[in-house]
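test case, fold it:
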Amino acid sequence: MSLFSPEVYRENQCNFLDSVIPELKENSVNLNTYDVIDDLISFLELPSDPILIPSEDIFHLLLTISSRSASCNWSADSSKPKHGLVETQEQKLASRQSEQLLHNSTLSDRCIHILKKYKHLVYAGNEDAYNVLQPTINHLVTKESSRQRSSSVRTVFKAVEQPLTPTKRGKRSVKRRRHDESIVEESSDMVVITDSEEEEEEEEDGEGNESKDPEYNPSQVDSFGSNSYTDSCKNSSQTNDKLTEPWAGLRVFDEPLLKDQFRLTNGRFGVWDLVNWTFYCAGLSTKYYYKKESNCHTIYKAQSSTLLFIFDIIEYNLVNTLQDIFKEKDPYATLFKTPSDKNKFASLQVEDNSNILLSRLLKSLGYLQSQWYDRVVEFVFNGLARLPPCPRACYQHESILVRRELKKNSRDVPKEEKVHCDTDNMDSMCLRFKICAIVYYWSLVFDKRVFSGKSFGRNSLAQLNALELIKFVCEKFKRVDYQYIVEFYYSSYTVSVIPFKYKQLFLMGLSTELLKTLTSSPESIKFESHNLDSVVSWIDDPSIYAQLTEDESCNSFEEFYQSWMKLSFVLEWILTSTLADLQDVGNSIYKDTMFYDKLEHADRLRATAFVDYLHSVSESKETSNFKFELSDNSVTFVKENRMTWEPFTSILSNYT
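I've put the predicted structure just below:
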């Protein structure tokens, strides 16, 4: 029998873990030596029974360390922890050597391993772990302007928010987007982002823009709205004469905790901005530093692992809270079958529920719900096509390191045009899918079979239903390489709390929308997951391929090829999904030889359509009416190397 009540035991446990770093509760403390941080990490790495549950403060520290790549873990001067951020090469080298001596893995990797341990506890139903992690993540996703802060707290942070030197803000042109956005004042709760794909189209209309990808603009504001800091760090021999005022709380290698990064920027940098920054680094690493050592790669790895943990907890919270609200293990299955008048307040229970972390996170995008999904998709799919201007970084150290690489690549580093399977962009598709799947699962409560009507005068049915999200993703996929789409789809098989059938429902809706876009098909197209005859009939329809092969608007063969491979993959995926569904319910209708014969004919039809197209574009442009032509050698190469789709009969054979 325990000597303490669970509450007392829990409090003593947290106090004990907090005591590993005595400075945790103090102000103006800078953890800038590896030995202090290693003490905490080493202690948490030790096995314990029962497992020790840290406090929120410890989790915030772990999240901060996990989000910092090894290249960012340098300090201005370990003997002057309250001074500025001017580093020397000697100090950076010493820090890296110190880390190697202390442990084979980086501090970030070790913290991620610890965080995963507690995530598994949460997934296993450990309420103590969840009751600490839920408010920890809640602090990150809640927009600063919605938090209640006393005047004393604002006073404490006032000195920290001031730039080290006066800042000259360069004029920056802002392109008008489809929502007619304008530049927003700092006091506004709107988030302004760049539609990189639309900018790409505008830039391509001009001349001499190839060298501007990605853009390095010296007048851009860095992660804290000041370029003076970046300039001050260019001279490694600069001394630490400029002192900063004392700060509140803890710093790690001269910089605030992750939660304080969001607070110090007055809501101008949050989780969505971190998503945008992380995928920008993935795109920069993929395009310019493939298989090369780079800071943008290490920053991406650290931040993406941290974001994956954050969204793992957000996902668990969403599924768990929906089950609590509707008292059902599968609430949507019940809501879809229940008459709509009985679901009168279902959507409001989700949209306005402060316990749902995702609801809070979506509201941080601004008041206009019509822009939420657009902004989510822009953030989530950043870095896959042409890179936009460098966004705001999370940490100042990151800004210094990445901007140096960004400035260098325009002179010394050739672009990598080919899509490889081992790039950061390809690796990132799992996280991109997870975020989209979580938002999609949340959006199902606004399905017309569930939705109760307008909430506070805002038509959430039109703005927040799942189809709107799918349309934005589909629009983005028009410009994304088909290989990324393939990886995005197969990321649905990674383990998650969201039931697999809802991830498949998301992809089925996305596939249907993609087919409409690629083939200019009528809006009435629908694929029923168990209707194999309907799916096979579409696959065996010559007109679906003719929509692409007879399209004379393509500017290059690569443009046509991308659309063709997207069409082929979507048809293959729909067939695979339908067969898997039939197999799961014990329906063996697919074993009928009629389906094999139709799919065999579809294989020949697809190959013939593609080869005929090659012959057409090998003729002169005047004869073919296409905007380009291929040489005979190019046609031979394509036939031998690029007809790489999977036969439909091969897919069927996996189930017979």
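
surely Ser496 meets Ile435?
No - taking contacts as CB atoms under 8 Å, Ser496 lies outside contact range of Ile435: 11.3 Å. C-beta here means a position set from N, CA and C on the backbone, and glycine is covered the same way.

lowest confidence element among the helices and strands of this protein?
The weakest-scoring helix or strand in the chain, judged by mean pLDDT, DSSP states H and E, is helix 151-158 (a mean of 34).

now name the helix or strand holding Lys292.
Assigned by DSSP states H and E, Lys292 falls within no helix or strand.

burial count for it?
10 (other CB atoms under 10 Å).

same deal with Leu307?
Neighbours around Leu307, by other CB under 10 Å: 20.

what of Tyr300?
Counted with other CB under 10 Å, Tyr300 comes out at 28.

how near is the residue lying closest to it once chain neighbours are set aside to Ala607?
Closest residue to Tyr300 apart from its sequence neighbours, by CB to CB, 6 or more residues apart in numbering: Cys281 at 4.1 Å. Separation of Cys281 from Ala607 (CB to CB, to the nearest Å): 40 Å.

just Leu505 next, same as before
Remark: distance between Leu505 and Ala607 (CB to CB) = 31 Å.

now swap in Phe595 and tell me
In terms of CB to CB, Phe595 sits 19 Å off from Ala607.

please apply the same query to Thr278.
Counting by CB to CB - Thr278 and Ala607 are separated by 41 Å.

count of neighbours near Ala385?
Using other CB under 10 Å, Ala385 has 18 neighbouring residues.

hang on, I meant Leu505
18.

pull out the buried positions in stretch 483-501.
483-489, 491-492, 496-498 (16 or more other CB atoms under 10 Å).

and the two most separated of the residues you listed?
Gln483 and Val497 (27.9 Å; CB to CB).

surely Ala466 is in contact with Met508?
No - contact criterion CB under 8 Å: Ala466 and Met508 do not qualify, at 11.2 Å.

picking up where we left off before, compare Phe595 and Ala607 (neighbour count), which wins?
Neighbour totals were compared for Phe595 and Ala607, and Phe595 leads with 22 against 15 (other CB under 10 Å).

next one, pLDDT for that one please.
Note on Phe595: pLDDT of 95.

regarding it, what is its secondary structure?
Following DSSP: H, G, I helix; E, B strand; the rest coil, the label given to Phe595 is helix.

cool, the one 5 residues further on as well?
Three-state assignment for Glu600 (three-state DSSP): helix.

who touches it in this structure?
648-649 (CB atoms under 8 Å, 6 or more residues apart in numbering).

how does it look with 10 Å?
By CB atoms under 10 Å, 6 or more residues apart in numbering, Glu600 lies in contact with 540, 647-649, 652.

likewise for Phe557?
With contact taken as CB under 10 Å, 6+ apart, Phe557 is in contact with 564, 613-614, 617, 626, 628-630, 634-635, 638, 642.

buried only: go through the residues you listed for me.
Burial by neighbour count, 16+ other CB under 10 Å: within those this picks out 564, 613-614, 617, 626, 629-630, 635, 638.

low-confidence bits of the stretch 151-300 of the chain, can you list those?
Residues of the stretch 151-300 of the chain meeting the criterion pLDDT under 70: 151-248, 264-267.

what are the boundaries of the strands in the stretch 201-350 of the chain?
Along the stretch 201-350 of the chain, counting by DSSP state E, counting those that start in this stretch, strands occupy 250-252, 255-256.

any idea how far Thr549 lies from Ser631?
19 Å.

and these two? which has more neighbours close in?
Taking other CB under 10 Å, Thr549 and Ser631 do not tie; Thr549 has more neighbours (16 against 9).

so for the nearest residue to that one once chain neighbours are set aside, what's the pLDDT?
Spatial nearest neighbour of Thr549, excluding adjacent residues (CB to CB, 6+ apart): Tyr613 at 4.3 Å. With respect to pLDDT, Tyr613 scores 96.

any buried residues in the helix or strand harbouring Tyr613, and which?
Take DSSP H and E as the rule and Tyr613 turns out to sit in helix 593-617. Buried residues in helix 593-617, counted by 16+ other CB under 10 Å: 595-596, 598-599, 602-603, 605-606, 609-610, 613-614, 616-617.

give the next helix or strand downstream of that helix.
Next along from helix 593-617, by DSSP H and E: helix 621-624.

rewinding a little: please enumerate the shared neighbours of Ser496 and Ile435.
311, 315.

so where's the stretch 301-450 of the chain shaky on pLDDT?
The stretch 301-450 of the chain contains residues with pLDDT under 70 at 339-344, 409-416, 449-450.

list the buried ones in whichever helix in the chain runs longest?
Using DSSP state H, we find that the single longest helix of the chain is helix 295-326. Buried residues in helix 295-326, counted by 16+ other CB under 10 Å: 295-322, 325-326.

for stretch 116-135, same thing?
118-119, 121-123, 126, 128-130, 132-134.

let's have these in TSV, adding pLDDT, secondary structure and distance to Cys390.
Listed next are the buried residues of stretch 116-135 as TSV, based on pLDDT from 0 to 100; DSSP: H, G, I helix; E, B strand; the rest coil; distance: CB to CB, whole Å:
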residue	pLDDT	secondary structure	distance to Cys390
Tyr118	96	helix	34
Lys119	97	helix	31
Leu121	96	helix	38
Val122	96	helix	35
Tyr123	96	helix	36
Asn126	94	coil	41
Asp128	92	helix	42
Ala129	95	helix	37
Tyr130	97	helix	37
Val132	96	helix	36
Leu133	97	helix	32
Gln134	97	helix	34
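
ok, which pair from those is furthest apart?
Pairwise over the buried residues of stretch 116-135, using CB to CB, the maximum falls at Tyr123 and Val132, 14.8 Å.

make TSV out of the strands of the stretch 201-350 of the chain and add distance to Lys291 and mean neighbour count.
Shown next, in TSV, are the strands of the stretch 201-350 of the chain (distance: least, CB to CB, whole Å; neighbours: other CB atoms under 10 Å):
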stretch	distance to Lys291	mean neighbour count
strand 250-252	30	22
strand 255-256	30	22
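
tabulate those (TSV), appending distance to Ile58.
Shown next, in TSV, are the strands of the stretch 201-350 of the chain (distance: least, CB to CB, whole Å):
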stretch	distance to Ile58
strand 250-252	11
strand 255-256	16
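
ok, which of these comes nearest Asn138?
Closest approach to Asn138 among the strands of the stretch 201-350 of the chain (CB to CB): strand 255-256, 18.5 Å.

helices or strands next to the closest one in the packing?
Applying 3 or more CB pairs under 10 Å, 6 or more residues apart in numbering; DSSP states H and E, one finds that strand 255-256 makes contact with helix 258-264, helix 396-412.

for it, which strands pair with it and how are they oriented?
strand 250-252 (antiparallel) (DSSP bridges).

how about the helices in the stretch 451-600 of the chain?
460-464, 466-477, 482-490, 500-519, 532-539, 542-549, 557-584, 593-617 (DSSP state H, counting those that start in this stretch).

mind checking which of the ones you listed is nearest Leu107?
Nearest to Leu107, of all the helices of the stretch 451-600 of the chain, is helix 482-490, at 29.2 Å by CB to CB.

ok, and the closest non-adjacent residue to Lys117?
Per CB to CB, 6+ apart, closest to Lys117 is Ile51, 7.8 Å.

can you tell me the SS state at that neighbour?
Assignment for Ile51 (three-state DSSP): coil.

would you mind measuring from it to His60?
On the measure of CB to CB, Ile51 and His60 end up 19 Å apart.

likewise Asn32?
17 Å.

repeat that for Asn633.
Taking CB to CB, one finds Asn633 at 60 Å from His60.

quick check: buried residues in the strand or helix carrying Leu652?
Take DSSP H and E as the rule and Leu652 turns out to sit in helix 648-653. The neighbour-count check on helix 648-653 (16+ other CB under 10 Å) flags 648-649, 651-652 as buried.

of those residues, which is the nearest to Cys111?
The nearest member of the buried residues of helix 648-653 to Cys111, counting by CB to CB, is Ile651 at 42.2 Å.
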